[in-house]
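Q: generate a structure from the sequence data that follows.
(one chain, ligands or ions: 1)
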Amino acid sequence: MRTALIALTDELRRLKTAGVKSVAVSDESVAALRRVVAGCKASRPAAAAAPVVTPAKSSVPPAPVVALKPVASPAGKPMSPPPPIVLPPGGKQVRWDALLELVRNDPTCRAHVRPGKLVVLGVGNLEAKIMFVGEAPGADEEVKGEPFVGPAGQLLTRMIGAMGLKREDVYIGNIMNWRPEMPTPPGAQQIGNRPPTEEEMRYCLPYLRAQIEIVAPALLVALGSTAAQGLLGFGTFKALGEIRGRWREFAGKPLMVTYHPSYILRNQSNRSKRMIWEDLLKVMERAAIPISDKQRGFFLERG
Ligand code: URA
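A: I've put the predicted structure just below:
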């Protein structure tokens, strides 16, 4: 366990040196780290224990994790050029099935997935009007092989419900097809997540483009700054606040950029919820989804 903690500390130091200002860590990961650190403290002098990563706790919403400087090949594996995607002629399901086959057999994707874990493609309605685009699979997603099934995914499903839709009505994808790796001793479970690098996202982007082409949604919603950077390009913006809530374009589709659901998990204030909700109201308007007065008033501060 101590080896895992040292590897994690080294990785955090390396990210810091590379200019990364903050790292999103789920409550479950923090709890797991605390247990590990407590175990090390019990068996070693306190000074040897690794630092504990704690999630931000504040009444003022901290700035979302934005505009991280990409680091080169953290996994130490040179990235191949983005793959050409050639799909057979046919209907949406035929092409989507072929794409799933391609991504599951992609040697680069497979090389980045730990034994027993899965490459992840998008999921949902191939006739969806709305396609959500997230960042990368996490611990739950690489086990299930489906995007947004962990805590952030459950919140996304509730957000979709607040829009008067079901998860099965939309399409949900990610920029990345694998969970970005962190140094982890063989046989151990990866603790925590890191944002994908620019070259990792560039590699996976053709798969997302292919999903957009197959589903042909009326519009796209990018969740969080990493997804927005992957779609719009690194260096397009410094902070998510600069571009969220305004329409952009990607692959010929209108693109709304909003916060990642994990931002709301860290900042449960009505103010944070209202910001994301206002972006989703714009999405509903553009997708011609009826909006009730009650929905228009969600998360407004009273009094
Ligand atoms: N966060 C993402 O961006 N994508 C997932 O699939 C899960 C969590």
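
Q: count the neighbours of residue 252 for me.
A: 8 (other Cβ atoms under 10 Å). For the C-beta atoms, the positions are set from N, CA and C on the backbone; glycine is no exception.

Q: could you do residue 184 as well?
A: Each residue near residue 184 was counted by other Cβ under 10 Å, and the total is 17.

Q: quick one: it from residue 236, how far?
A: 32 Å (Cβ to Cβ, to the nearest Å).

Q: next: residue 288.
A: Residue 288 is 28 Å from residue 236, by Cβ to Cβ.

Q: more neighbours: which of the two?
A: Comparing residue 288 with residue 236 by neighbour count (other Cβ under 10 Å), the higher total belongs to residue 236, at 13 against 8.

Q: just to be sure, that one is in a helix?
A: No - read with DSSP: H, G, I helix; E, B strand; the rest coil, residue 236 is coil and lies in no helix.

Q: any low-confidence regions in the protein?
A: Scanning the chain with the threshold set as pLDDT under 70 gives 1-77, 302-303.

Q: which residues of it lie near the ligand?
A: 134, 135, 136, 137, 138, 141, 147, 148, 150, 152, 153, 174 (Cβ under 6 Å from any ligand atom).

Q: so the first one bridges to which residues?
A: Pointing back at residue 134 there. With DSSP bridges as the criterion, residue 134 is bridged to residue 174.

Q: the residue of the stretch 101-250 of the chain found nearest the ligand: how many residues sit nearby?
A: At 2.9 Å from the ligand, residue 134 is the closest residue in the stretch 101-250 of the chain, using Cβ to the nearest ligand atom. Applying other Cβ under 10 Å, we find 28 residues neighbouring residue 134.

Q: that one contacts residue 227, correct?
A: Yes - counting by Cβ atoms under 8 Å, residue 227 is a contact partner of residue 134 at 5.7 Å.

Q: please report phi then psi for residue 258.
A: With angles defined as degrees, to the nearest 10, residue 258 sits at phi -140, psi -180.

Q: and it, how many neighbours?
A: 26.

Q: cool, and the one 5 residues further on?
A: Using other Cβ under 10 Å as the criterion, residue 263 is surrounded by 25 other residues.

Q: in space, what's closest to residue 119 - neighbours in sequence excluded?
A: With sequence-adjacent residues excluded and distances taken as Cβ to Cβ, 6 or more residues apart in numbering, residue 119 is closest to residue 109, at 4.6 Å.

Q: any idea which helix or strand carries the one you found?
A: Assigned by DSSP states H and E, residue 109 belongs to helix 107-112.

Q: can you check residue 143 too?
A: Here residue 143 is assigned to helix 139-144, by DSSP H and E.

Q: tell me how far the helix or strand that comes right after that helix is from the chain's mean position?
A: Past helix 139-144, further along toward the C-terminus, the next helix or strand under DSSP H and E is helix 151-162. From the chain centre to the centre of helix 151-162 is a distance of 13 Å (Cα atoms, centre = their mean, to the nearest Å).

Q: extract the CA atoms of stretch 91-106 and return them as PDB.
A: Coordinates of each C-alpha in stretch 91-106 appear next as PDB, following Å, rounded to 0.1, in the frame of the first residue of the first chain:
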ATOM      1  CA  GLY A  91     -28.400   2.100 -40.800                       C
ATOM      2  CA  LYS A  92     -27.400   3.800 -37.500                       C
ATOM      3  CA  GLN A  93     -27.400   0.500 -35.500                       C
ATOM      4  CA  VAL A  94     -25.200  -1.300 -38.000                       C
ATOM      5  CA  ARG A  95     -22.700   1.600 -38.100                       C
ATOM      6  CA  TRP A  96     -22.700   2.000 -34.300                       C
ATOM      7  CA  ASP A  97     -22.200  -1.800 -33.800                       C
ATOM      8  CA  ALA A  98     -19.200  -1.600 -36.200                       C
ATOM      9  CA  LEU A  99     -17.800   1.400 -34.300                       C
ATOM     10  CA  LEU A 100     -18.100  -0.500 -31.000                       C
ATOM     11  CA  GLU A 101     -16.200  -3.400 -32.500                       C
ATOM     12  CA  LEU A 102     -13.600  -1.100 -33.800                       C
ATOM     13  CA  VAL A 103     -13.000   0.700 -30.500                       C
ATOM     14  CA  ARG A 104     -13.000  -2.500 -28.500                       C
ATOM     15  CA  ASN A 105     -10.300  -3.900 -30.800                       C
ATOM     16  CA  ASP A 106      -8.300  -0.700 -31.100                       C
END
